[in-house]
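**Student:** pasting the structure only:
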């Protein structure tokens, strides 16, 4: 066999491009490589230099201006809305009230002003008590019993016969003004000029007016803050009061106005026509109870109170006083009523309020106009005394606008008797209902509850659904109620009066 078998086709490798080609098999890779992947870009915060470059750019400046403008526009919109709500929301207008509309009056009775013989004046006891009376919250004194039938306050010639009385009165007026207590002279039921003097100058009527104006000016110069007359006096006329107003105007100022008070003794007060928008009468004193020589029954007292609560005169500034006689059990209830009614309270002379001291330093006791029980041990407790109750009411009235000049709303209440004694003498007579009224100023409400009857009462849960349920005690006749309370669980004791400041649940404002 030939050795050069290379030329033969036997055992030869396929050529290039054929499946058996050596070059092709060696050049081809054994593993096909995967396609290259794009590099992953990770987030990185801007550097300080890059951030400063971007912040100073026009785009960021524009966005920042828009954000600042949006903030201020939103703030102004909120402010404007708040101002609009405050301006448009209804609210009470604070009235301009004078001293006589703000101050409680204390009417001193003649028993205190006379000596033991009942003939001579003794004002030293009253002058010693002026600081004490001021501490109770009183603002003015109504002095009655200073003048008798032989000494007219408007005829100064009468004082020449009794200069000692005039000196005492002048000193009392000065000391009262020093104690910041106004003085009102009571001329009710007095023959002011005296019949003999009227006959002497009957031929010259003009001299009567001149003499009267001279006397009024004299008392104004002494420091008197006003006068009280009755609606049955001859001086209660348009002509006379106009002459008085001209004199009072000379001594009146914004801080210290001089007044004329009229005591209403009849059922209806005779009206006087105002001349030239001049108010002839500043205040009308009205009695809560009708005048009577005997003690009024519980039913009569309840009827009189309810009548005044249902009919309120909104045109005349009233001064409320008790006037009639009631049992001792109703004494503190009537005091609470007098101090919480709209107007200026006038407190009658009271032995438990006026604690006069004798030379030994002990407290003298004066006879009160009402019948006191034989067991008066409760009045010896200072926390339960009439003076403490009056002080609490006067201070509350001074700082609470609702009690001072707030709106008045009579509330008809449904009550149920809580407990009744089987041996009670009132078992055959239905007990008087609880009398109640509301004094409101803005969002502040004061509820006054009066139980005139001899049995305790609980309020009906559906008594007044429009009012708040909760409240806090302000004062009570027993001076023993403190803290918050719920009207749904409140029980009013016999002959008890309660003053409650109402508030919404969860709020103590």
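**Tutor:** Thanks, I have it. Model, not experiment: these values are computed from the prediction.
**Student:** need the next SSE after the helix or strand harbouring residue 65, C-terminal direction.
**Tutor:** Using DSSP states H and E, residue 65 sits in helix 58-88. As assigned by DSSP H and E, the chain's next helix or strand after helix 58-88 is helix 99-102.
**Student:** where's residue 62 relative to residue 326, distance?
**Tutor:** The gap separating residue 62 from residue 326 is 84 Å, by C-beta to C-beta, to the nearest Å. C-beta: built from backbone N, CA, C; applies to glycine.
**Student:** tell me the average confidence for stretch 256-267?
**Tutor:** The average of the pLDDT scores along stretch 256-267 is 90.
**Student:** buried ones in that stretch?
**Tutor:** 257-265 (16 or more other C-beta atoms under 10 Å).
**Student:** Restricted to strands, list these.
**Tutor:** 259-263 (DSSP state E).
**Student:** was I right about residue 298 contacting residue 455?
**Tutor:** No. Using C-beta atoms under 8 Å, residue 298 makes no contact with residue 455, being 10.6 Å away.
**Student:** coming back round to it: redo the buried residues of stretch 256-267 as JSON lines? Include distance to residue 232.
**Tutor:** Below are the buried residues of stretch 256-267 laid out as JSON lines (distance: C-beta to C-beta, whole Å):
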{"residue": "257", "distance to residue 232": "26"}
{"residue": "258", "distance to residue 232": "23"}
{"residue": "259", "distance to residue 232": "20"}
{"residue": "260", "distance to residue 232": "15"}
{"residue": "261", "distance to residue 232": "14"}
{"residue": "262", "distance to residue 232": "10"}
{"residue": "263", "distance to residue 232": "9"}
{"residue": "264", "distance to residue 232": "10"}
{"residue": "265", "distance to residue 232": "6"}
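**Student:** quick one: which of those residues is nearest residue 174?
**Tutor:** Using C-beta to C-beta, residue 258 comes nearest to residue 174 of the buried residues of stretch 256-267, at 16.8 Å.
**Student:** In contact with that closest one, which residues?
**Tutor:** Counting by C-beta atoms under 8 Å, 6 or more residues apart in numbering, residue 258 touches 220, 224-226, 248, 251-252.
**Student:** Most neighbours out of the residues you listed, which is it?
**Tutor:** Highest neighbour count within the contacts of residue 258, by other C-beta atoms under 10 Å: residue 225, with 27 neighbours.
**Student:** just to revisit the earlier point, which of residue 62 and residue 326 has more neighbours?
**Tutor:** Neighbours were counted for residue 62 and for residue 326 using other C-beta under 10 Å; residue 326 has more, 24 against 10.
**Student:** The stretch 401-509 of the chain: helices as residue ranges?
**Tutor:** Secondary structure of the stretch 401-509 of the chain by DSSP state H, counting those that start in this stretch: the helices cover 401-405.
**Student:** how about the strands in it?
**Tutor:** Secondary structure of the stretch 401-509 of the chain, counting by DSSP state E, counting those that start in this stretch: strands at 407-412, 415-417, 435-441, 444-450, 457-459, 470-476, 484-486, 491-492, 497-503.
**Student:** hey, least reliable of these by pLDDT?
**Tutor:** Mean pLDDT is lowest for strand 415-417 among these, at a mean of 54.
**Student:** quick one: contacts of the helix or strand harbouring residue 285?
**Tutor:** Per DSSP H and E, residue 285 falls inside strand 283-287. Under the contact criterion C-beta under 8 Å, 6+ apart, strand 283-287 has outside partners 100-101, 228, 259-264, 269, 308, 316-324, 343-344, 346.
**Student:** Now with 10 Å, please.
**Tutor:** Contacts to strand 283-287, defined as C-beta atoms under 10 Å, 6 or more residues apart in numbering, come from residues 98, 100-101, 105, 107, 142, 184, 188, 226, 228, 230-231, 259-265, 269, 304, 308, 313, 316-324, 341, 343-344, 346.
**Student:** now it: mean pLDDT?
**Tutor:** Mean predicted lDDT for strand 283-287 stands at 93.
**Student:** Could you point out the helix or strand that follows it?
**Tutor:** Next element after strand 283-287 (DSSP H and E): helix 298-310.
**Student:** circling back: to residue 290, which of the strands of the stretch 401-509 of the chain lies closest?
**Tutor:** strand 435-441 (16.8 Å).
**Student:** quick one: that closest one to helix 298-310, angle?
**Tutor:** 30 degrees (axes from the mean of the first three to the mean of the last three C-alpha atoms, to 10 degrees).
**Student:** Counting by contacts, list what strand 435-441 packs against.
**Tutor:** Taking 3 or more C-beta pairs under 10 Å, 6 or more residues apart in numbering; DSSP states H and E as contact, the helices and strands that strand 435-441 lies on are helix 298-310, helix 331-340, helix 401-405, strand 407-412, strand 444-450, strand 497-503.
**Student:** Residue 166 is nearest to which of these?
**Tutor:** Comparing these by their distance to residue 166 (C-beta to C-beta), the top pick is helix 331-340, with 32.9 Å.
**Student:** Quick one: list the elements packing against whichever helix or strand comes after the closest one.
**Tutor:** Downstream of helix 331-340, the next assigned helix or strand under DSSP H and E is strand 344-348. When contacts are defined as 3+ C-beta pairs under 10 Å, 6+ apart, strand 344-348 sits against helix 99-102, strand 105-108, strand 140-143, strand 259-263, strand 283-287, strand 318-321, helix 331-340, helix 386-399.
**Student:** lowest confidence element among the helices and strands of this protein?
**Tutor:** When the helices and strands of the chain are scored by mean pLDDT, DSSP states H and E, helix 195-200 comes last with a mean of 48.
**Student:** Identify the residue spatially nearest to residue 447, adjacent ones excluded.
**Tutor:** residue 500 (4.6 Å; C-beta to C-beta, 6 or more residues apart in numbering).
**Student:** Identify the residues contacting that neighbour.
**Tutor:** 436, 445-449, 468, 470-476, 481, 484-485, 487, 490.
**Student:** let's see 7 Å
**Tutor:** 447, 471-474, 485 (C-beta atoms under 7 Å, 6 or more residues apart in numbering).
**Student:** Distance of it relative to residue 145?
**Tutor:** 39 Å.
**Student:** circling back to that earlier point, out of the strands of the stretch 401-509 of the chain, flag the one nearest residue 401.
**Tutor:** Proximity to residue 401 (C-beta to C-beta) singles out strand 435-441 among these, at 4.5 Å.
**Student:** so the closest one versus strand 444-450, what angle?
**Tutor:** Using the same axes, to 10 degrees: strand 435-441 against strand 444-450 is 160 degrees.
**Student:** Quick check: neighbours of strand 435-441 in the sheet, parallel or antiparallel?
**Tutor:** Paired neighbours of strand 435-441 in the sheet (DSSP bridges): strand 407-412 (antiparallel), strand 444-450 (antiparallel).
**Student:** List the contacts of that strand.
**Tutor:** The contact list for strand 435-441 (C-beta under 7 Å, 6+ apart) reads 92, 302, 305-306, 309, 340, 401-403, 406-411, 413, 445-450, 452.
**Student:** buried subset of the residues you listed?
**Tutor:** 302, 305-306, 309, 340, 401-403, 406, 411, 413, 445-450, 452.
**Student:** ok, now how distant is residue 293 from residue 324?
**Tutor:** From residue 293 over to residue 324 (counting by C-beta to C-beta), the distance is 10 Å.
**Student:** sorry, back to before: report the two of the ones in strands among the buried residues of stretch 256-267 separated the most.
**Tutor:** 259 and 263 (13.2 Å).
**Student:** what sits against residue 402?
**Tutor:** 439-441, 444-446.
**Student:** Check what pLDDT it gets.
**Tutor:** Looking at residue 402, its pLDDT reads 93.
**Student:** Skipping its backbone neighbours, what lies nearest it in space?
**Tutor:** residue 441 (3.8 Å).
**Student:** Neighbours of the one you found, how many?
**Tutor:** So residue 441, with other C-beta under 10 Å, has 18 neighbours.
**Student:** Relative to residue 342, how far out is it?
**Tutor:** According to C-beta to C-beta, residue 441 and residue 342 sit 11 Å apart.
**Student:** Understood, closing this out.
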